[in-house]
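Trainee: For reference, the sequence and a predicted model appear below.
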Amino acid sequence: SSDLPSWKEVYRWFSKNEVDLTSDLIESLEYSNNGERLDSETILNRFEHNLNMTVTKLEKYSECPFKYFVEDILRPKERIIQKVEFYDIGNEHHDVIEDYINSIMKDEDLLLKLTRDDARALMKESIEKIRKRENLRNLAFESTKRNKYIQRKMERVLLSSSEVILFQIQSGEFRPRFSELNIGMGKGDKIKLDPYIITLDKGTIKLRGKIDRVDTYKDEVGEEYIRIIDYKSSKKRIELKDLYEGLQLQLFVYLLAMVDRGASILGSKPKVGGLYYFAVDDPIFDQEVGDPYEAKLKELRLSGYTLNDSRIIKAMDLDYENSNVLSVRFTKAGLPYSGSPLLDEEQFGILLDFVQDKVKDISSGIINGDFPILPYKKNRNDDACRYCDYKSICMFDTTNDDMYRNIKGVTNKPAEFIHLIKSKGGSSDNGMD
């Protein structure tokens, strides 16, 4: 109605009669909860000029720089509650599988004769051994009926996984060489790699971590190839769009570290065979699938990228044309189908160069004190705020999609992804070719 006051009149009335309220309202429209950039000296002092960090920390910065700032610069202390966390499950998985791998690799001749029953028996021994050693951690597992159930489920999953791990090793010529290989960390006589060093204008960052498993294969001319395997408690695949955003760097950085520094523990510079996730799981099938064991092998195939070289593919699985180790499929003519997860040496080299540059970019953001509130968002069910413990600190408006760093438009197809990063200046200068 024309009798109603216009917004300008409302504003004029408030400006005259509610001066303080009007000032607060105007200020709120221009408010930003982002703080000022910290100077590099403050960051260096916080780390006592010794910037050692894991790749996971870089991925956390990529999720949201402010989340990294709170967790790793401010470092608030969480109230301690005795409960079983996901990392407790992951730690037990890793410890038990490391002991199991060491057991089955004691004798190469015996390895090929081991049966599924042998695998389960050896895994059972490893479970009991680690639980006896980790008595304090077991107190949490025994504290409630829920936790006891989790412990029983973990045992079932590990026993099931023992069969698949043995099958994958027996099926090819790659053999576990290092289990839980430390990069820039660890004490005692255990073999380890030096930290992977990122040199920047304002300082140096030393990347450290632990590779779950490094398998090796030596070809007929003595060239040694490596495959990196990372254990996960559920199925996971390499998403190139996540690599592009810095959200999935770990496997590639570990591969980069082995290519760059592996000669110190292998005797010569290794070549890339592949990098993979392995799901430590006991899948349950909804319908009749024939042989449950065969179905399980197929479900838990290694997930990742393999060198596009027929010799290496065969070394991964001697029955590669009907593989239950890799997800590579072949035509009747013996050629891999288009879209198979294969990369040639040049493509691996380009990806590793890209990862090297991405790690430098993220490290520069940290050392330059750049910690904006800028969480990523892929879709309505996947964003950095979903399980963040610090939402009450940043007060980020999760209802406004425009405030997120929206991830979209980056291809997941290897050839197209390689073309994308080459067009942005990527090259292969890491000595792989």
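Mentor: Structure received.
Trainee: use CA for all of it now, contacts and neighbours both
Mentor: OK.
Trainee: same question for stretch 64-80, mean pLDDT?
Mentor: Averaging pLDDT along stretch 64-80 yields 88.
Trainee: Contacts only, for the closest residue in space to residue 319 that isn't next to it in sequence.
Mentor: Spatial nearest neighbour of residue 319, excluding adjacent residues (Cα to Cα, 6 or more residues apart in numbering): residue 171 at 7.4 Å. By Cα atoms under 8 Å, 6 or more residues apart in numbering, the contact set of residue 171 is 316-319, 325.
Trainee: which non-adjacent residue is nearest residue 360?
Mentor: Residue 360 sits nearest to residue 198 (Cα to Cα, 6+ apart), 6.5 Å away.
Trainee: next one: phi and psi at that neighbour?
Mentor: Note on residue 198: its backbone torsions stand at phi -110, psi 110 [degrees, to the nearest 10].
Trainee: Distance-wise, check residue 419 relative to residue 347.
Mentor: According to Cα to Cα, to the nearest Å, residue 419 and residue 347 sit 10 Å apart.
Trainee: Which one's more surrounded, the two?
Mentor: Using other Cα atoms under 10 Å, the more surrounded residue of residue 419 and residue 347 is residue 347, with 22 against 13.
Trainee: give me the element that one is part of.
Mentor: helix 345-367 (DSSP states H and E).
Trainee: In that helix, which residues are buried?
Mentor: By 16 or more other Cα atoms under 10 Å, the buried positions in helix 345-367 come out as 345, 347-356, 358-360, 362-367.
Trainee: Repeat that for stretch 94-112.
Mentor: Under 16+ other Cα under 10 Å, the buried positions of stretch 94-112 are 94-101, 103-105, 111.
Trainee: surely residue 297 meets residue 166?
Mentor: No: checked against Cα atoms under 8 Å, the pair residue 297 and residue 166 is beyond contact range at 10.7 Å.
Trainee: any chance you could map the helices in the stretch 1-150 of the chain?
Mentor: Applying DSSP state H, counting those that start in this stretch to the stretch 1-150 of the chain gives helices spanning 7-17, 19-29, 40-46, 55-63, 65-68, 86-104, 108-111, 116-133, 135-141, 145-170.
Trainee: swap that for the stretch 151-300 of the chain, sorry
Mentor: Ranges of helices in the stretch 151-300 of the chain, per DSSP H, counting those that start in this stretch, are 240-245, 250-261, 263-266, 292-299.
Trainee: which one of those helices lies closest to residue 160?
Mentor: Nearest to residue 160 among the helices of the stretch 151-300 of the chain is helix 292-299 (9.0 Å), distances taken as Cα to Cα.
Trainee: who's in contact with the spatially closest residue to residue 184 that is not a sequence neighbour?
Mentor: Excluding its sequence neighbours, the residue lying closest to residue 184 (Cα to Cα, 6+ apart) is residue 195, at 3.8 Å. In this structure, residue 195 makes contact with 183-185, 206-208, judged by Cα under 8 Å, 6+ apart.
Trainee: Just put these in TSV and tack on distance to residue 329 and neighbour count.
Mentor: TSV is the format used below for these (distance: Cα to Cα, whole Å; neighbours: other Cα atoms under 10 Å):
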residue	distance to residue 329	neighbour count
183	34	23
184	38	20
185	39	15
206	39	18
207	36	25
208	36	24
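Trainee: Filter these down to the ones in strands?
Mentor: 183, 206-208 (DSSP state E).
Trainee: For the residues you listed, give me a markdown table that also has distance to residue 120.
Mentor: Output for the ones in strands among the contacts of residue 195, formatted as a markdown table (distance: Cα to Cα, whole Å):
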| residue | distance to residue 120 |
| --- | --- |
| 183 | 30 |
| 206 | 39 |
| 207 | 36 |
| 208 | 33 |
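Trainee: Tell me the one among the residues you listed nearest to residue 241.
Mentor: So of these, ranked by how close each gets to residue 241 (Cα to Cα), first place is residue 207, at 22.5 Å.
Trainee: Please determine how far that closest one is located from residue 185.
Mentor: Taking Cα to Cα, one finds residue 207 at 10 Å from residue 185.
Trainee: what does residue 375 give?
Mentor: For residue 375, the distance to residue 185 - Cα to Cα - is 30 Å.
Trainee: Now tell me what touches stretch 309-326 from outside.
Mentor: Contacts for stretch 309-326 (Cα under 8 Å, 6+ apart): 168, 171-174, 217, 273, 297-298, 301-303, 306-307, 328-330, 334, 344.
Trainee: Can you flag which of those residues belong to strands?
Mentor: Per DSSP E, the contacts of stretch 309-326 map to strands at 217, 273, 303, 306-307.
Trainee: what mean pLDDT would you report for stretch 298-312?
Mentor: In the prediction, stretch 298-312 has an average pLDDT of 96.
Trainee: hmm, back to that, show me just the buried residues among the contacts of stretch 309-326.
Mentor: Neighbour-count burial (16+ other Cα under 10 Å) applied to these gives 168, 171-174, 217, 273, 297-298, 301-303, 306-307, 328-329.
Trainee: okay, stretch 108-122 in CSV with CA atoms only?
Mentor: In CSV, the C-alpha atoms belonging to stretch 108-122 read as follows (Å, rounded to 0.1, in the frame of the first residue of the first chain):
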residue,chain,number,x,y,z
GLU,A,108,59.3,-67.1,0.9
ASP,A,109,58.8,-70.8,0.1
LEU,A,110,56.4,-71.3,2.9
LEU,A,111,54.4,-68.2,1.8
LEU,A,112,53.2,-69.8,-1.4
LYS,A,113,52.0,-72.9,0.5
LEU,A,114,49.9,-71.0,3.1
THR,A,115,46.2,-71.7,3.0
ARG,A,116,43.2,-69.6,4.1
ASP,A,117,43.1,-71.4,7.4
ASP,A,118,46.8,-70.7,7.9
ALA,A,119,46.1,-67.0,7.2
ARG,A,120,43.4,-66.9,9.8
ALA,A,121,45.5,-68.7,12.4
LEU,A,122,48.4,-66.4,11.9
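Trainee: In stretch 177-194, which residues are buried?
Mentor: Neighbour-count burial for stretch 177-194 [16+ other Cα under 10 Å]: 177-184, 192-194.
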